[in-house]
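>>> what would the 3D arrangement of this be:
(one chain, ligands or ions: 1)
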Amino acid sequence: MESLPTVLLKPGEADRIVAGHPWIYQSSILRMTAQAGDGELVQVKDHRQRLLGIGFFNSKSRIHVRLLSSERVPVNAEFFEQRIRQALAVRRKYLPNATSFRVVNAESDFLSGLIVDKYDDVLVLQISSLGMEKRKETIVGVLQRIFAPRAIIERSDVGSRKFEGMSESNGVLAGECEGPVTIDLNGLKFETNLVEGHKTGLYLDQQVNYRAVSQFAEGAQVLDCFCFLGGFGLHAARSGAAHVHFLDQSEEAIAAARRNAEANGLAAQCSFEAINAFDWLKARTRSGPNEKVIPCFDLIILDPPSFTRTRASVPDALRGYKEIHLRALKLLRPGGILATFCCSHHVNAGLFQDTVLSAAYDARKILRRVAIYSQSPDHPIIPMIPETEYLKGFAFELVR
Ligand code: SAH
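Have a look, this model is predicted:
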């Protein structure tokens, strides 16, 4: 281990690392004592030669080193097994009854570049760093030992792989998995296609919020906007909603949401529409000079995709968020609930709430905030690593 190439940091650059952030940018590096291979281990020291830890090096990535450990430990099967078991223990503790959840969430579990989702007895692996890519076989072996899954599927089709000099990679790595997989979330069945499909599996990060939001559903007329496979709406239907209307622009998602409603015996109180939510909301809130929009919903869920991947596009994204909130508020009955989510890391909770309030102002509505939501605990937040926090949500009651 002593022979690892050493990355020396510039003065002042070590604090963030000591505080627990695992990324070392090229601009933080003073010099290296030896050439390091891309995807190989290096040790990192501050400018006074004090050890900060070891991690994977990649000269092709802006993140030159992804730290794995603050100590000089061998990064072998035992290392991965220990880390993955620690991550699993967190899920067992905070999501004790879940059978499907994210087992490893990269930086949140001190394994930068590795994501592992468990869909009942099938695991889905996503690798976004070269260091992890080079140890894929070891990781697959460890996952087999811990979970004995029916199959392990790779869905490394994330754009970020190109920043590490890698191409996309998909396929069944172990076992067999043909056709859709049906999983249980909070006692409801969801069918999802893990091998194909435009998105891997489900949005597991909403697992606890499905339950939380469904407390407002009894007897309600519900609108599930951006419904994907129907997570929010189906939980609402089970909790006694009078009716749920599901909207998503993807035909594929709407067809799956409909099948999920049928599989759970909830189809009778559900309707489905494949349409752009902006267009739908606009059409429903259009009014002539002396006409009023008639509010007709008691619970509206807005869970759009991230409208922004970069800081630069935040203003555009906020306009989009504001528009859907403005229109949704016009459709909400007094006393009704708007449950709204934002999954963009670049829009924090304060900015997100300001945007909702700005829509409420334009619509001349007064809101009472009745709940604050975050990502499910299988997507742990490590506050020293701000990138691990991205999902935020609120429930607002429409006062008038
Ligand atoms: N609420 C869902 C997750 C939503 S993800 C859940 O809990 O699983 C975002 C969804 O919005 C995707 O299914 C995507 O197809 C859909 N979508 C994206 N843009 C849209 C638009 N303009 N109108 C309607 N749906 C849209």
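>>> nearest spatial neighbour of residue 344, chain-adjacent residues omitted?
residue 306 (4.2 Å; C-beta to C-beta, 6 or more residues apart in numbering). For glycine as for every other residue, the C-beta is placed from the backbone atoms N, C-alpha and C.
>>> would you agree residue 49 is in contact with residue 14?
No. Using C-beta atoms under 8 Å, residue 49 makes no contact with residue 14, being 11.1 Å away.
>>> who has more neighbours, these two?
Set side by side, residue 49 and residue 14 show more neighbours around residue 14, with 19 against 8, by other C-beta atoms under 10 Å.
>>> now that one: closest residue in space, sequence neighbours ignored.
In this structure, residue 14 finds its nearest non-sequential neighbour in residue 46, 3.9 Å apart by C-beta to C-beta, 6+ apart.
>>> ok, the one you found - how many residues close by?
By other C-beta under 10 Å, 19 other residues sit near residue 46.
>>> shaky segments in the chain?
1-2, 197-200 (pLDDT under 70).
>>> domains in it, as residue ranges please.
Following automatic domain parsing, one gets these domains for the chain: 6-69, 77-182, 203-398.
>>> reformat these as TSV; add distance to the ligand.
Putting the domains of the chain into TSV (distance: least, C-beta to the nearest ligand atom, whole Å) gives the following:
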stretch	distance to the ligand
domain 6-69	27
domain 77-182	13
domain 203-398	3
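>>> distance to residue 196 for those domains - can I get that in TSV?
TSV is the format used below for the domains of the chain (distance: least, C-beta to C-beta, whole Å):
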stretch	distance to residue 196
domain 6-69	29
domain 77-182	9
domain 203-398	9
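>>> relative to residue 190, which of those is closest?
domain 203-398 (5.5 Å; C-beta to C-beta).
>>> so what's the gap between that closest one and the chain middle?
Mean C-alpha position of domain 203-398 versus that of the full chain (C-alpha atoms, centre = their mean, to the nearest Å) differs by 16 Å.
>>> tell me the SS of the residue sitting nearest the centre point of the chain?
The residue lying closest to the centre of the chain (C-alpha atoms, centre = their mean) is residue 205, at 5.3 Å. Under DSSP: H, G, I helix; E, B strand; the rest coil, residue 205 falls in the helix class.
>>> one more: the one 4 residues further on?
Three states are possible here, and by three-state DSSP the one that applies to residue 209 is helix.
>>> against residue 303, how distant is it?
9 Å (C-beta to C-beta, to the nearest Å).
>>> quickly list what's touching both of these two.
Common neighbours of residue 209 and residue 303 (criterion: C-beta atoms under 8 Å, 6 or more residues apart in numbering): 232, 341, 393.
>>> can these go into JSON lines with extra columns for secondary structure and neighbour count?
Conversion of those to JSON lines gives the following (DSSP: H, G, I helix; E, B strand; the rest coil; neighbours: other C-beta atoms under 10 Å):
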{"residue": "232", "secondary structure": "helix", "neighbour count": "29"}
{"residue": "341", "secondary structure": "strand", "neighbour count": "23"}
{"residue": "393", "secondary structure": "strand", "neighbour count": "23"}
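>>> go through those residues and say which is closest to residue 299.
Nearest to residue 299 among the shared contacts of residue 209 and residue 303, with distances taken as C-beta to C-beta, is residue 232, at 9.1 Å.
>>> surely the closest one meets residue 224?
Yes. Under the criterion of C-beta under 8 Å, residue 232 makes contact with residue 224 at 5.0 Å.
>>> okay, and the common contacts of the two?
Common neighbours of residue 232 and residue 224 (C-beta under 8 Å, 6+ apart) are residue 301.
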